[in-house]
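A.B. asks: Return atomic coordinates for the entry below.
(chains A and B)
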Amino acid sequence: MLQLFRTQRMWHQHDLKDHYDVVIIGAGVHGLAAAYYLGKQGIKNVAVLDRGYLGGGNSGRNTAILRANYRTAEAIPFYDESLRLYQELSQEVDFNVLFSQIGHLTLAHTDTGVDGLRVRAEANALLGVNSRLVFPEEIKSLVPAMDVSKAAHAPIQAALYHPPGGIIRHDAVVWGYARGADRMGIEIHPHTEVHAIDTDNGQISAVHTNRGRIATNTVVNATSGWCSTIARMVDVDLPIVSHPLQACVTEPLKPFLDKVIVSATLHVYVNQTDRGEVVIGAEIDPYASYNSASTLPTLEMMAAHALELFPILEEARVLRQWSGICDMTPDFSPIISTVPEVRGFILNVGWGTYGFKAGPAGGKTVAELIVTNKTPTLIEPFALSRFYEDRLVGEKAAAAVSH
Amino acid sequence: MSFLLACPNCGERSVYEFRSGGEFRQRPPASVSSHEWARYLYLRKNEAGETTEWWYHQLGCRSWFLAVRDTRTNLVKETYEHD
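C.D. replies: Numbering: from 1, shown residues only, chains lettered A, B, ... in the order given. Below you'll find the predicted structure:
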């Protein structure tokens, strides 16, 4: 019996060694996924450092929505690959990540909005992503609790229905990757803050932390919220501005909503978790900040817009409100790339408000980049150099408020 | 955390009356290379700390001014009109 209840450690504590082949800064989904896929390819002398606890940054602050119905030919295959990896993640890491593919609806309330969704539906169809336009009658049958009447303040005209989208247990994703990496001998070091990064003749040579110095030739910046401050350590400026993004969750209610609902016009997205809580997210705060305190005006805005869609929430009480710091790029696409001026410094940053969906594909491509020393085709469009070559990947139409 | 900003014309108001114009940068001369121009267009210091930035009093006097704000605490140290 005792054996039955013996707890097994998900990951182990280690003393910090003085050398690793790869140092990954940021123990969120991107950093841990990169570590996991590096381990699978035989690179195991790897340390994942985090200033806080595992998944305590944006991996634990997002609204856990997954989807692949993007707009550009560059983004759709990338997020589609990520969704595919998420679908098999429970088997892959032998840990239930509770991925519920309940379907995802992006609402349009204006003619322009409908046109935008039409373009996305066509682009998705061309690239093999399952999404199509649906109209109020069908929307009503998919989401009976939602107000689709013409009497609404901003009547719903159409929606992009993306059946493979859904929600996942975000902590489980982090823990699954962490345990998988740990089992392969990769070291995870929470509460280890990076203070400086040394370079030698334009090549990464060491990382200084509050627990000592580590010699290494490869550093991955997989931070979110603080990526500019890490890049500054090697004198690299990024095209990024960090904004807080707030969300809230209500008390648990009986199940009434089994779709993810997003409205860019109302700046709100809503889903009901397996526990019955209704998670409501907002757009980013309208000013740059590293302060993650929540604000009343944003809570009022989230509540008002969620109520417009779901009058049923009239008496629901809000349990928690929180925020994460999002690294916004000018084109709403990430930066996954090497940096020409600093050899061995790899960026997996600029994930704005869409980083969690991209975790598995981000981690896997970064691992491939390190192992092969070549940029995988999937992330070629997301190089830092695109800002100097006029090759921006404008994803705002499908990535701004649309989670 | 929402905060108050002191508009040089109108005095202290809620930040929601204003529109953020991003960090203050010196515009380079037109003769710089396209690489330098791209740096000016896209790159940001994105300081975690004191930063000088543009603000526009959208729901007030509709003028632009500069503010020195700590982005970690959102405390505004000073606001002033640009020469």
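
A.B. asks: Around chain B, pick out the residues from the stretch 251-400 of chain A.
C.D. replies: A:286-291, A:293-297, A:330, A:387-388 (C-beta under 8 Å from any C-beta of the partner chain). For glycine as for every other residue, the C-beta is placed from the backbone atoms N, C-alpha and C.

A.B. asks: rerun at 7 Å
C.D. replies: A:286-291, A:293, A:295, A:297, A:330, A:387-388 (C-beta under 7 Å from any C-beta of the partner chain).

A.B. asks: Model confidence score at the closest residue to A:Ser100 other than its chain neighbours, please.
C.D. replies: Counting by C-beta to C-beta, 6 or more residues apart in numbering or on different chains, A:Ser100 lies nearest to A:Gly166, which is 4.9 Å off, once chain neighbours are set aside. A:Gly166 carries a pLDDT value of 97.

A.B. asks: Could you report the neighbour count for residue 19?
C.D. replies: If you meant another chain, say so; for now it's chain A. When neighbours are defined as other C-beta atoms under 10 Å in any protein chain shown, A:His19 has 13 of them.

A.B. asks: meant chain B actually
C.D. replies: 16.

A.B. asks: The helix or strand B:Trp54 falls within pairs with which strands, and in what direction?
C.D. replies: For B:Trp54, the element it lies in under DSSP states H and E is strand B:50-56. When sheet partners are counted by DSSP bridges, strand B:50-56 sits next to strand B:19-23 (antiparallel), strand B:64-70 (antiparallel).

A.B. asks: next one: phi and psi at A:Trp175?
C.D. replies: phi -70, psi -40 (degrees, to the nearest 10).

A.B. asks: I'd guessed it sits against A:Arg9; true?
C.D. replies: No. With contact defined as C-beta atoms under 7 Å, A:Trp175 does not reach A:Arg9; the gap is 11.4 Å.

A.B. asks: on that earlier part again, okay, and the beta partners of the residue nearest to A:Ser100?
C.D. replies: Bridge pairing for A:Gly166 - DSSP bridges - gives A:Leu66.

A.B. asks: List the contacts of it.
C.D. replies: A:66, A:99-104, A:260 (C-beta atoms under 7 Å, 6 or more residues apart in numbering or on different chains).

A.B. asks: pLDDT score assigned to B:Asp83?
C.D. replies: 82.

A.B. asks: For A:Ala303, see how far away it is.
C.D. replies: 43 Å (C-beta to C-beta, to the nearest Å).

A.B. asks: between the two, which one's more packed in?
C.D. replies: A:Ala303 (17 against 4).

A.B. asks: Please look at A:Val129 and A:Pro77 and confirm they touch.
C.D. replies: No. Using C-beta under 7 Å, A:Val129 is not in contact with A:Pro77, being 8.8 Å away.

A.B. asks: between those two, which one's more packed in?
C.D. replies: With neighbours defined as other C-beta under 10 Å, A:Val129 and A:Pro77 compare such that A:Val129 has more, 22 against 19.

A.B. asks: Next up, phi/psi of the more buried one, please.
C.D. replies: phi -100, psi 130.

A.B. asks: Among the residues of the stretch 251-400 of chain A next to chain B, name the ones in helices.
C.D. replies: The members of those that map onto helices under DSSP state H are A:Pro297.

A.B. asks: Buried ones only from the residues of the stretch 251-400 of chain A next to chain B, please, as a ChimeraX command.
C.D. replies: In ChimeraX, a selection of the buried entries from those looks like this (16 or more other C-beta atoms under 10 Å in any protein chain shown):
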select /A:287,288,289,290,291,295,330,387,388
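
A.B. asks: Run a quick neighbour tally on the nearest residue to A:Thr295 once chain neighbours are set aside.
C.D. replies: Among residues not flanking A:Thr295 along the chain, B:Ser2 sits closest, at 4.2 Å (C-beta to C-beta, 6+ apart). Burial of B:Ser2 is recorded as 17 neighbouring residues (other C-beta under 10 Å).

A.B. asks: likewise the one 4 residues further on?
C.D. replies: A count of nearby residues for B:Ala6, using other C-beta under 10 Å, gives 15.

A.B. asks: so it touches B:Thr79, yeah?
C.D. replies: Yes. Using C-beta under 7 Å, B:Ala6 is in contact with B:Thr79, at 4.9 Å.

A.B. asks: any chance you could map the strands in chain B?
C.D. replies: B:4-7, B:11-14, B:19-23, B:50-56, B:64-70, B:76-80 (DSSP state E).

A.B. asks: thinking again about what came up before, in terms of neighbours, single out the busier of A:Trp175 and A:Arg9.
C.D. replies: A:Trp175 (19 against 8).

A.B. asks: Name the nearest residue to the more buried one, sequence neighbours excluded.
C.D. replies: With sequence-adjacent residues excluded and distances taken as C-beta to C-beta, 6+ apart, A:Trp175 is closest to A:Met10, at 5.7 Å.

A.B. asks: How about A:Ala145, nearest residue that isn't a chain neighbour?
C.D. replies: A:Phe256 (4.7 Å).

A.B. asks: where does the chain have low pLDDT?
C.D. replies: As the question left the chain open, I've gone with chain A. Along chain A, segments meeting pLDDT under 70 span A:1-6, A:400-403.

A.B. asks: switch to chain B, that's the one I care about
C.D. replies: Per-residue confidence of chain B (counting by pLDDT under 70) places the weak regions at B:1.

A.B. asks: Run through the residues of it sitting next to chain A.
C.D. replies: Close to chain A, as judged by C-beta under 7 Å from any C-beta, chain B has residues B:1-2, B:15-16, B:20, B:22, B:35, B:38, B:42-46, B:48, B:71-74.

A.B. asks: Which ones among those lie within helices?
C.D. replies: Those of those lying in helices (DSSP H): B:35, B:38, B:42.

A.B. asks: just curious, which of the residues you listed is nearest to A:Pro136?
C.D. replies: Nearest to A:Pro136 among those is B:Tyr42, at 41.0 Å by C-beta to C-beta.

A.B. asks: That closest one and A:Phe387 touch, don't they?
C.D. replies: Yes. B:Tyr42 is within contact range of A:Phe387, at 4.6 Å (criterion: C-beta under 7 Å).

A.B. asks: what distance separates the helix or strand containing A:Leu38 from the middle of the whole chain?
C.D. replies: For A:Leu38, the host element (DSSP H and E) is helix A:29-40. Mean-position distance between helix A:29-40 and its chain equals 15 Å (C-alpha atoms, centre = their mean, to the nearest Å).
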